[in-house]
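# Sequence and predicted model, in that order:
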2 protein chains.
Amino acid sequence: MTRQAVHDHVANNQAQHLEQARRFMAQPSVSQEGQGMEECAALLLKYYRDLGCREAELAETPVFPAVWAYYDAGAPKTLAVYSYFDTNVVGEGWDHPPYDAVVAPRPPFNKVLYGRGAGNKGAFIAFLNALSSIKAVEGNLPVNLMFVSEGEEFVGSDHIPLLIDRYRHHLSKADDAIVAGACQTATGDVTLFLGNKGNLHIEYECSGERWGQGPSGGPVHSSAQPVVDHPVWRLVNALATLYDPVSNRVLVDGFYDGLLEPTAEDLELIDALAQRYEGNEASVLPGLAPGKVDRFIDGLSGRDLFLRYCFQPTMNINGLRAGYTGPGTLLWTLPNAAYCTIDHRLPPDLDPNVCRQKIRDHLDRHGYEDVGMKVLMAVPAQKLSVTDDVARAGLRVFDSWNVKPTVWPRRGASGPMGFFSQMLGLKLLGATGIGYASGHSAPNEFLVIEGDGKVGGLVELEQSFVDLIYSYAAYPNDY
Amino acid sequence: MTRQAVHDHVANNQAQHLEQARRFMAQPSVSQEGQGMEECAALLLKYYRDLGCREAELAETPVFPAVWAYYDAGAPKTLAVYSYFDTNVVGEGWDHPPYDAVVAPRPPFNKVLYGRGAGNKGAFIAFLNALSSIKAVEGNLPVNLMFVSEGEEFVGSDHIPLLIDRYRHHLSKADDAIVAGACQTATGDVTLFLGNKGNLHIEYECSGERWGQGPSGGPVHSSAQPVVDHPVWRLVNALATLYDPVSNRVLVDGFYDGLLEPTAEDLELIDALAQRYEGNEASVLPGLAPGKVDRFIDGLSGRDLFLRYCFQPTMNINGLRAGYTGPGTLLWTLPNAAYCTIDHRLPPDLDPNVCRQKIRDHLDRHGYEDVGMKVLMAVPAQKLSVTDDVARAGLRVFDSWNVKPTVWPRRGASGPMGFFSQMLGLKLLGATGIGYASGHSAPNEFLVIEGDGKVGGLVELEQSFVDLIYSYAAYPNDY
C-alpha cells in the first residue's frame, strides 16, 4: 500500500518532475568538447543533497569532476548506482534546440522531451524523482544508495577505477549495483542484458621513427619508393597476420584460450531469443541501424547468430589512417607513419590485459617488434545470472508489470560497469526502467514523456524505478 | 655574334624582365582551389600575343582553360613547349606575402624573387623574356614554337591528351619538345633527367555496398563484429596479396614482364652517378627531404641504389583511410568502407593500362572481384637518349657554359610530358636553364635573381635559354 501511495505521488507530481529533468538537460555537459562539465557536476551534486545524501561531493579527476554521493538510510541492503552525466556532441540536424528541453509531440507519442542527454541525463532524473517520491511518502528510502556519477563516459571512463578506489571504504560494503535507465525499444519491447563484454582498445603505429627504416620526421616523395622502406605496407602486412576475414578468426596464438562454452542458462536464453526473433534478427541485434546489414557472417541466423554475437571475442578495425586521408588524392607521398585503431569486445573469460600481451608476443614473434601498441582502453566485462539477487529483483518488477522481457546472456558492447565487478565483486543490473529514449548519437534525442500504452512515459518510468527499489529491498520476500 | 648581342640585350633589360616575372607571379592561379585560373590564362595569352604568336587562344577544357600559342617563324625546325601555369596551394609560414612578388636577399643570394609559382611561372617568364630578346635583336626566332600551357598540373593534368588532340594538326609537325625551367640545385649542381617514369594512380575501395556483405549505407557499432563481415579487414588482406615489403616486390603475376634491362648508355650514366655521389646518395636522390632517410632499402648504396631508383617500378600506398581517421579515437564503428590510394611509378617498358589490368586480374583470381579500382591517373613514361638531337642540343649548351651536368637515365617522378611522347612520338628535353628555384610545395618559394657565381641568376637563366634555342636551331651544326 505504501508502494501505491508512492506511485500516486509520482503521478501527482509530474509537472515538477518534468521540470527537474528539463532543468538538468538544459545544462550542456559535452565531455569531448569540455563544455559545461563543472556546472553540470555542481547541479547534480545539489540534487543529491536535495535528496538527503548527507555525504555528497565533487570527486575531482585529472579530467572532469565526477560526483560522489551516499544516502545512508540505515537499511540492511546497499546498492551502488553507476551513472554518467556527460553527453555526446550535439551535431547537426536538430528540429528543436538541443538545450531548450522542448516537450512536443512525436508520433505515436503525444509528448516527448527533446534534448541532448535525454537518454542518460533525462532518465537518471526520473530515477532521482522516483527516490524523492519514496522519501516524500515514507520519510526515508528502503535501501542505502552509493552514487558514482562520472562525466567522462564519452571520453573513455578512464577514471572509474580511481573513483572506486577513492570510495572503496564505502563501496566495499555495497551488496549489488545498478544502472538506472529506460529499457524499452520504440515498439515497447523490454530488453535486459545480463552483463556486457569487456573492451580492449589499441592504437597500432608503424613508423620510420620506430622502425629505424623508411622515412622519419615526415613523408618523402612517392617516387623514392624503389629505395625507401615503407611503413604503411609494413603495417598492412602486420595487420594481415592478426585476423582472417574469411574464417572470421583472430590469428593470434592462444587468443581464444580460456574462452568458456555457454552455460545451460546461457543456452536457454539463446534458445528463447532465437524462438522469438528467428528471421527477424536484424531488428533486435544491438548496434545495427535499420537496413545497414542484409546478410550476416557465414549466412548465420537464429540460434547460431545469437550465440556468435554473445560469446565470440572480436578484433575490429575501427580506424585506419596513413598519408593523405581525403578522397581521390593526387598527393604523392611515401608516408613516414601509419596507424590503425582496433577494439576487441571480450567475454568475461578473456582478460583484456592478457589479450594485449598475446598480441604483443605475436607481433614480436613475427618480426614486428617495432610496431607500436598504445592501449586506449582496457575495461573488463561483467556478467550476472538470472539467479543473482539483483537480477531476480529486477525481473520480478517486469512480472508485476506483465512484461515479458527479452533477456540476453550479455550485450556485445562495453562500458565501465565491469570495473565494479572486477574491483568490488559486485553484480550489476542493467537498465530496467519501463520507458524509451532514443539513442545518444543522433540529433533529436528524446525521452518519451507520455506513453502510448506499449511504451512507458515518465510516470511509468519513475514508477518502475520505485518498484525496483522496493523489490530489491524486500528480496527474497515479496514486495 | 648575334647570340652575344642577344645576351647583351638580356643583360640590359633586366629591370623590365624582372617586372614581367613579378607581374605574372602576382596573379594567383591555384588550380586545387580554383583561384585566378581564368585571369592567369588571359595574362599568359597576352604574353604570347606580345611575343608575336599569330595563332594564340584560350583552349577550354572541362576544368580550367589552357593556353595554346603558335609562333610560326618560317624556320625549318619546330619545338613543342610544354608548361603549366597553375601553382600549389599557398599554405602557412610565408615571410613575404606569396603574391607580392617581393625581391629580397636570401643568403647566399643577394636577390631572390619570392612568391608562389616562382619555380614554374617565374622561370617560364624568363624563357619568354629570352625569346623576346632574340626577337628584339633579330626580328624573328630561329625555330618555330608551339606552346601548350596547361592550368591543371596540380589537379592531375587530365586534359593534356585532349589538348594534344585538338592541336594535333600543328603538333604533329613538331620535331621535338622541351620544358623550360631552371635545372640547378641550391649549390649550383646541374642535373638533367633523360625522361621520367609514368604514373598509374589507383584508388581502391572495399565496401559493404560493393561486396554485398558487411554494413552498407554507413557503419554499424563495432560490437556487432561477431556477426557482421568486415570491409576494412578485407581490404587489408587484399592489399597484403599485392606487395611484399620484405622483398620489396610487387606480387602481382607478370607485373615485371617486359621490364627492360638498363642499356649500355644507362649503365654508363649510372656509373658516373655512383662515382660522383657514392656515400652521399641522399643529397641527390630526388624527392628526399634532408634528414628524412638514414638507411636505404636493403642497405643499398652507390650503383645498386641508383639502378634501383631509375629502373624499378613502384607500388606506393600514399593514402589509407577507413572509419575514424583522427588520432586516439574512442569512436567504435565497424566501417562500411575502406579506401587506399596507390601510385605506381613505371619505367617506359611498363604500360600503365596493362599494369592496371594485371592488378585487376590478380584481385579477381584471389577472390576480390568486388574490390573497386578507380584510376585517378594513368600517364605514360617518356625517355630520351643522350644521342637524340634535342638532348645533344641541350648538353652542348652546358659545355659552352663549362658546366658538368649530372645526367640521370630518368627521373623517378612523373608528369604529363609522356603524353607528348606517346601521342606524338616526340622526344622531350627537361629543364636546362642555368638557375635555381626552390620547390613548389613549401612556403617562401623563390627564384634566384642574382646568382652567387655557382648558381645562375635571372640573367644567366635567360641567356642559357637563348643558347638552347640557338643550339637547337643550328644542330648538328655549331651555333
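Received, thanks. Numbering: from 1, shown residues only, chains lettered A, B, ... in the order given.
# can you list the residues of the stretch 101-250 of chain A near chain B?
Neighbours of chain B within the stretch 101-250 of chain A, by CB under 8 Å from any CB of the partner chain: A:154-156, A:197, A:201, A:203, A:208, A:212-230, A:232-234, A:236-237, A:239-240, A:243-246, A:248. Where C-beta positions appear, they are placed from N, C-alpha and C, glycine not excepted.
# Those residues in strands, which ones?
Among those, the ones falling in strands (DSSP state E) are A:201, A:203, A:220-221, A:243-244.
# which one of those sits closest to residue A:146?
Of all these, residue A:201 has the smallest distance to residue A:146: 28.0 Å, by CB to CB.
# about what we covered before: only whichever of the residues of the stretch 101-250 of chain A next to chain B are buried, select them in ChimeraX.
Restricted to buried positions by 16 or more other CB atoms under 10 Å in any protein chain shown, the ChimeraX selection for those reads:
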select /A:154,155,156,197,201,203,208,213,214,215,216,219,220,221,222,223,224,225,226,227,228,229,230,232,233,234,236,237,239,240,243,245,248
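# Inside helices: which ones of the residues of the stretch 101-250 of chain A next to chain B?
If you go by DSSP state H, these have A:208, A:232-234, A:236-237, A:239-240 in helices.
# want to try TSV for those residues, with pLDDT and distance to residue B:182 as columns?
Below are those laid out as TSV (pLDDT from 0 to 100; distance: CB to CB, whole Å):
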residue	pLDDT	distance to residue B:182
A:208	97	31
A:232	98	33
A:233	98	35
A:234	98	37
A:236	98	39
A:237	98	41
A:239	98	44
A:240	98	45
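# Which parts of chain A are helices?
According to DSSP H, chain A carries its helices in the segments A:2-12, A:14-26, A:37-51, A:123-138, A:160-166, A:168-171, A:208-211, A:231-240, A:264-277, A:302-311, A:352-365, A:389-400, A:417-424, A:458-474.
# Show me how far the fifth one is from its chain's centre.
Okay, so that is helix A:160-166. Taking the mean of its C-alpha atoms, helix A:160-166 sits 18 Å from the chain's own mean (CA atoms, centre = their mean, to the nearest Å).
# Give me the contacts around that helix.
Contacts to helix A:160-166, defined as CB atoms under 8 Å, 6 or more residues apart in numbering or on different chains, come from residues A:59, A:61, A:66, A:68, A:148, A:150, A:171, A:416, A:419-420, A:423-424.
# tell me which of these is nearest to residue A:78?
residue A:171 (9.0 Å).
# so that closest one sits right up against residue A:419, yeah?
No. Taking contacts as CB atoms under 8 Å, residue A:171 lies outside contact range of residue A:419: 10.6 Å.
# ok, now which ones touch residue A:58?
Listed by CB under 8 Å, 6+ apart, the contact partners of residue A:58 are A:41-42, A:45, A:65-68.
# Widest-spaced pair of the contacts of helix A:160-166?
Distances among the contacts of helix A:160-166 were taken as CB to CB; the most separated pair is A:61 and A:424, at 18.2 Å.
# Quick one: distance of stretch A:438-451 to the chain centre.
The answer for stretch A:438-451 is 16 Å, by CA atoms, centre = their mean.
# How about exporting it as CSV, limited to the C-alpha atoms?
What follows is stretch A:438-451, C-alpha atoms only, in CSV (Å, rounded to 0.1, in the frame of the first residue of the first chain):
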residue,chain,number,x,y,z
SER,A,438,16.2,7.5,-28.5
GLY,A,439,20.0,7.0,-29.0
HIS,A,440,22.6,9.4,-27.8
SER,A,441,24.4,9.6,-31.1
ALA,A,442,21.7,11.2,-33.2
PRO,A,443,20.0,14.6,-33.5
ASN,A,444,16.6,15.0,-31.9
GLU,A,445,17.4,12.7,-29.0
PHE,A,446,14.4,12.3,-26.8
LEU,A,447,12.8,10.6,-23.8
VAL,A,448,9.1,9.6,-24.0
ILE,A,449,7.1,11.6,-21.5
GLU,A,450,3.6,10.4,-22.4
GLY,A,451,3.5,6.7,-23.4
